[in-house]
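Participant: Provide a 3D model corresponding to the input given below.
(one chain, ligands or ions: 1)
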Amino acid sequence: MDGASYRAIQLEQFARTFRDATQLVHLPKIAPAEGQIRVRNIWCGVNGIFDTQIARNAISYIDIATPSLTGVEALGIVEAVGPGVADFAVGDAAVTVQFKGGYREENTDSAANFAKVPDPSRDWLALASTGVSAAIALEHVGALQDGETVAVSAAAGGVGHIIVQLARLRGCRVIAVCGGPEKAAFVANLGAARVIDYRAENVGAVLAQEFPDAIDVAVDTVGGAVFDAFLQNLAPLGRLVVAGAASDLDDTPELITAPRVAHQIYFKGASIRGFMNGRLTELWPATRERLFAMHAAGQLNLKFDSEPFEGLETVYDAIDRLLSARSIGKVVVKLGDA
Ligand SMILES: NC(=O)c1ccc[n+]([C@@H]2O[C@H](COP(=O)([O-])OP(=O)(O)OC[C@H]3O[C@@H](n4cnc5c(N)ncnc54)[C@H](OP(=O)(O)O)[C@@H]3O)[C@@H](O)[C@H]2O)c1
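Facilitator: Just a heads-up that it's a prediction; the model follows:
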């Protein structure tokens, strides 16, 4: 291909893995039309669980036809500006958080689908995507109040490590669940009051012993026994936010026989709430700007996984890394130089 093309990862068919469902394609560079900008991407963010569900056509609210571009978030530099665009100039840094906007070396799209960021640092990418999810799940869906007791699973992950910090900033007591001593040390350093390494301790037993009926807000992205343990230890009026179910990814959902959850929540006046960020887009701009301001003020410590990935073709390995449950912090891929 000549210099007038760029590479992207395209969903070609549905398959069990993202690797089997997609391929790298070359697409022609296009000039921005009225209201559009063209961005050359520097970073993209990896959402390995979502990507796998997309590959399996397993996300009920996204009607996806093949072929389709993939990935959600990317940050880059504005390379060209179409007629009628006042908000962006060539050389600005811009981030997008739109499905199909992530796994591609460049993106020509409506300027309305981008937000301007101060510089091409991956920090803004993590905040605009993962940070916004963390904040909306915890604060809006979880209806967090200052000083409450918060439980979070996958606490050392991209979403989880930001939830721990946002809760701490609100004066909350944080119970953090994660797998392995390295992750446990990391979240303890973020200020979690109790870290439960589920590989070493039984989450349900610890909560029943140390935090019976004490969890005001739980944000769970793992499911299974962690969901059960959070539910069983909700405080009166507690809120359990279902923000994912990573443990179901390996198999079909586990079938269980147990009393209906209605019994668990009724007398407590507790609730179980679903969180799906794509259904709350109206909250994104204000949440993003608030997180950007907090970060500029030095209030947030963003962690990126230590395994480096560079070049669009490494997205596959980056997804595997996230799915391995060994990554700590946000997984990103470098796509180009600033
Ligand atoms: N609802 C929404 O709108 C929304 C938006 C963004 C993200 N999410 C969800 O939030 C979760 C966190 O996303 P993230 O991108 O920040 O990922 P992440 O937390 O950085 O990585 C996933 C973590 O989940 C845990 N996990 C448990 N079972 C797993 C399994 N079978 N396969 C892989 N990981 C497993 C692992 O941590 P431990 O071993 O330490 O538990 C792993 O490190 C994901 O489940 C994602 O789908 C939901």
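Participant: please make it C-alpha for all contacts and neighbour counts, starting now.
Facilitator: Will do.
Participant: what does the helix or strand where M294 lies rub up against?
Facilitator: In the assignment (DSSP states H and E), M294 maps to helix 284-296. Contacts to helix 284-296, defined as CA atoms under 8 Å, 6 or more residues apart in numbering, come from residues 124, 127-128, 131-132, 135-136, 300-301.
Participant: same question for stretch 48-56.
Facilitator: Here stretch 48-56 has contacts from 11, 13-18, 21-22, 59, 70-71, 246, 249, 318-320, 322-323, using CA under 8 Å, 6+ apart.
Participant: is the ligand contacted by it?
Facilitator: Yes - residues of stretch 48-56 contacting the ligand under CA under 6 Å from any ligand atom: 49-50.
Participant: what of stretch 95-107?
Facilitator: No - on the criterion CA under 6 Å from any ligand atom, stretch 95-107 is out of touch with the ligand, staying 11.2 Å away.
Participant: gap between the two ends of that stretch?
Facilitator: Terminal residues of stretch 95-107 are spaced 11 Å apart (CA to CA, to the nearest Å).
Participant: in that stretch, what counts as buried?
Facilitator: Going by neighbour count (16 or more other CA atoms under 10 Å), the buried part of stretch 95-107 is 95-98, 100-107.
Participant: distance from the chain centre to it, please.
Facilitator: 15 Å (CA atoms, centre = their mean, to the nearest Å).
Participant: what does that stretch rub up against?
Facilitator: 6-9, 38-42, 44-45, 68-76, 113-117, 124-125, 128-129, 312, 315, 335-336.
Participant: can you pull out the strands in the stretch 1-150 of the chain?
Facilitator: 5-11, 22-28, 36-45, 68-69, 73-81, 93-97, 106-110, 114-117, 149-152 (DSSP state E, counting those that start in this stretch).
Participant: partner strands of the second one, parallel or antiparallel?
Facilitator: What that stands for is strand 22-28. Here strand 22-28 has these sheet partners by DSSP bridges: strand 5-11 (antiparallel).
Participant: tilt between the partner strand and strand 36-45?
Facilitator: 60 degrees (axes from the mean of the first three to the mean of the last three CA atoms, to 10 degrees).
Participant: strand 5-11 vs strand 106-110, what angle?
Facilitator: Going by the same axes, to 10 degrees, strand 5-11 makes 80 degrees with strand 106-110.
Participant: contact partners of strand 5-11?
Facilitator: 21-29, 55, 66-70, 103-106, 312.
Participant: rerun at 7 Å
Facilitator: By CA atoms under 7 Å, 6 or more residues apart in numbering, the list of residues contacting strand 5-11 from outside reads 21-29, 66-70, 103-106.
Participant: picking up where we left off before, is the helix or strand that comes right after the helix holding M294 in proximity to the ligand?
Facilitator: Sequence-wise, the next helix or strand downstream of helix 284-296 (DSSP H and E) is helix 315-323. Yes - using CA under 6 Å from any ligand atom, we find that helix 315-323 touches the ligand at 322-323.
Participant: mind listing what the most centrally placed residue in the chain touches?
Facilitator: With distances taken as CA atoms, centre = their mean, T130 lies nearest the centre of the chain, 3.8 Å away. Shown in contact with T130 (CA under 7 Å, 6+ apart): 158-159.
Participant: what ranges does the stretch 51-200 of the chain have for its helices?
Facilitator: For the stretch 51-200 of the chain, helices defined by DSSP state H, counting those that start in this stretch occupy the ranges 122-126, 132-135, 158-169, 181-189.
Participant: which stretch among those comes nearest Q145?
Facilitator: With CA to CA as the criterion, Q145 lies closest to helix 158-169 of those, at 9.3 Å.
Participant: output the below-cut-off pLDDT ranges for this structure.
Facilitator: Judged by pLDDT under 70, the chain has its weakly predicted residues at 1-3.
Participant: out of everything not next to it in sequence, what's closest to Q36?
Facilitator: Counting by CA to CA, 6 or more residues apart in numbering, S110 is the residue found nearest to Q36 once chain neighbours are left out, at 4.1 Å.
Participant: same deal with A229?
Facilitator: Per CA to CA, 6+ apart, closest to A229 is G204, 4.5 Å.
Participant: so what does the one you found look like in phi/psi?
Facilitator: phi -60, psi -40 (degrees, to the nearest 10).
Participant: ok, it to the ligand distance?
Facilitator: Between G204 and the ligand the distance is 14 Å, computed by CA to the nearest ligand atom, to the nearest Å.
Participant: quick check: that residue vs L255, distance?
Facilitator: 19 Å.
Participant: same list, the helices of the stretch 51-200 of the chain, but as JSON lines with mean neighbour count and distance to the ligand please.
Facilitator: Putting the helices of the stretch 51-200 of the chain into JSON lines (neighbours: other CA atoms under 10 Å; distance: least, CA to the nearest ligand atom, whole Å) gives the following:
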{"stretch": "helix 122-126", "mean neighbour count": "24", "distance to the ligand": "10"}
{"stretch": "helix 132-135", "mean neighbour count": "24", "distance to the ligand": "5"}
{"stretch": "helix 158-169", "mean neighbour count": "25", "distance to the ligand": "3"}
{"stretch": "helix 181-189", "mean neighbour count": "18", "distance to the ligand": "7"}
